[in-house]
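Peer 1: the sequence isn't on hand, but the structure is:
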């Protein structure tokens with residue numbers, strides 16, 4: 001755990017001494033504000049439904065760009081081999097980088113709390129639904145950053161890593177709305193793999209253990225794939 005903590009502090013320091021973190025935070029909060037405004041205009045009511053629904057798809061594009069540098073930059077700079085031969089285990093390395101991305105994603109979500117507060121001042125929002133929606137978005141952060149790390153472990157090109165992360169995640173999002181193409185029977189099976197059906201419950205105020213397990217398993221699978229990729233490179 002000491003190695004994970006050390007790596008976490010190092011990654012956060014690297015993140016926040018560059019303007020990139022503030023760019024991501026600013027862009028995400030701008031999008032959140034835009035979705036908040038659009039939701040009020042479209043529905044005619046003080047609601048976060050539109051904003052919450054669109055924040056998840058925004059994270060799908062933003063988070064792979066946030067995680068793209070983690071391993072790709074190490075490989076391009078030539079420090080990857082040093083990491084692989086250091087006493088730090090690949091598991092600690094992966095967890096340190098993943099947790100640093102989770103901290104950044106959490107800060108993004110915390111920044112959007114200004115919009116529920118605005119609703120509280122001018123309306124009467126359902127804080128139960130708001131709370132469960134944020135739980136869902138936090139789980140989405142865990143899943144998306146894990147996939148982004150895996151994409152970053154496959155290449156030494158940061159842009160390719162970012163685009164690769166998006167390409168990895170898009171099918172899991174799109175198959176949640178494929179019923180018009182595949183029919184209800186096959187859609188029921190696709191919904192078990194799709195991200196969107198497992199997120200809907202949180203936005204309705206329901207925390208289902210099956211949905212929580214889905215996002216935890218999603219993150220675990222991609223973190224494991226990252227581990228296998230690093231191990232294969234370690235022994236080349």
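Peer 2: Arrived safely, thanks for sending. Bear in mind the structure is a predicted one, so any value in this text is a computation, not a measurement. Numbering: from 1, shown residues only.

Peer 1: what about this protein, any weak spots by pLDDT?
Peer 2: For the chain, the stretches with pLDDT under 70 are 43-47, 77-86, 176-187, 233-236.

Peer 1: quick one: the helices in it?
Peer 2: Listed in chain order, the helices of the chain (DSSP state H) span residues 2-16, 20-43, 49-67, 69-77, 80-85, 90-111, 114-122, 127-153, 158-174, 179-193, 195-203, 209-234.

Peer 1: need those helices in a markdown table (columns: mean neighbour count).
Peer 2: The way it works is simple: take the backbone N, C-alpha and C, and place the C-beta from them, glycine included. Formatted as a markdown table, these follow (neighbours: other C-beta atoms under 10 Å):
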| stretch | mean neighbour count |
| --- | --- |
| helix 2-16 | 15 |
| helix 20-43 | 16 |
| helix 49-67 | 22 |
| helix 69-77 | 20 |
| helix 80-85 | 14 |
| helix 90-111 | 20 |
| helix 114-122 | 14 |
| helix 127-153 | 23 |
| helix 158-174 | 19 |
| helix 179-193 | 12 |
| helix 195-203 | 20 |
| helix 209-234 | 16 |
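
Peer 1: what distance do you get for residue 116 to residue 149?
Peer 2: Using C-beta to C-beta, to the nearest Å, one gets 30 Å for the distance from residue 116 to residue 149.

Peer 1: residue 156 is in contact with residue 69, isn't it?
Peer 2: No - counting by C-beta atoms under 8 Å, residue 156 does not reach residue 69; the two are 10.8 Å apart.

Peer 1: residue 207 against residue 135, yeah?
Peer 2: Yes - the pair residue 207 and residue 135 qualifies as a contact (C-beta under 8 Å) at a distance of 6.3 Å.

Peer 1: residue 205: what's its closest spatial neighbour, skipping adjacent residues?
Peer 2: Excluding its sequence neighbours, the residue lying closest to residue 205 (C-beta to C-beta, 6 or more residues apart in numbering) is residue 129, at 4.1 Å.

Peer 1: for that neighbour, give me its contacts.
Peer 2: Contact partners of residue 129, counting by C-beta atoms under 8 Å, 6 or more residues apart in numbering, are 203, 204, 205.

Peer 1: equivalent analysis for residue 64, please.
Peer 2: Contacts of residue 64 by C-beta under 8 Å, 6+ apart are 144, 147, 148, 151, 161, 162, 163, 164, 165, 166, 168, 169.

Peer 1: including distance to residue 194, could the residues you listed go into JSON lines?
Peer 2: Output for these, formatted as JSON lines (distance: C-beta to C-beta, whole Å):
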{"residue": "144", "distance to residue 194": "14"}
{"residue": "147", "distance to residue 194": "14"}
{"residue": "148", "distance to residue 194": "19"}
{"residue": "151", "distance to residue 194": "19"}
{"residue": "161", "distance to residue 194": "24"}
{"residue": "162", "distance to residue 194": "23"}
{"residue": "163", "distance to residue 194": "21"}
{"residue": "164", "distance to residue 194": "20"}
{"residue": "165", "distance to residue 194": "18"}
{"residue": "166", "distance to residue 194": "16"}
{"residue": "168", "distance to residue 194": "14"}
{"residue": "169", "distance to residue 194": "11"}
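
Peer 1: and which of the residues you listed is nearest to residue 175?
Peer 2: Lowest distance from residue 175 to these (C-beta to C-beta) belongs to residue 169, with 11.4 Å.

Peer 1: touching, that closest one and residue 60? I think so.
Peer 2: Yes - counting by C-beta under 8 Å, residue 169 touches residue 60, with 5.2 Å between them.

Peer 1: overlap in contacts of those two?
Peer 2: With C-beta under 8 Å, 6+ apart as the test, residue 169 and residue 60 both reach residue 144.
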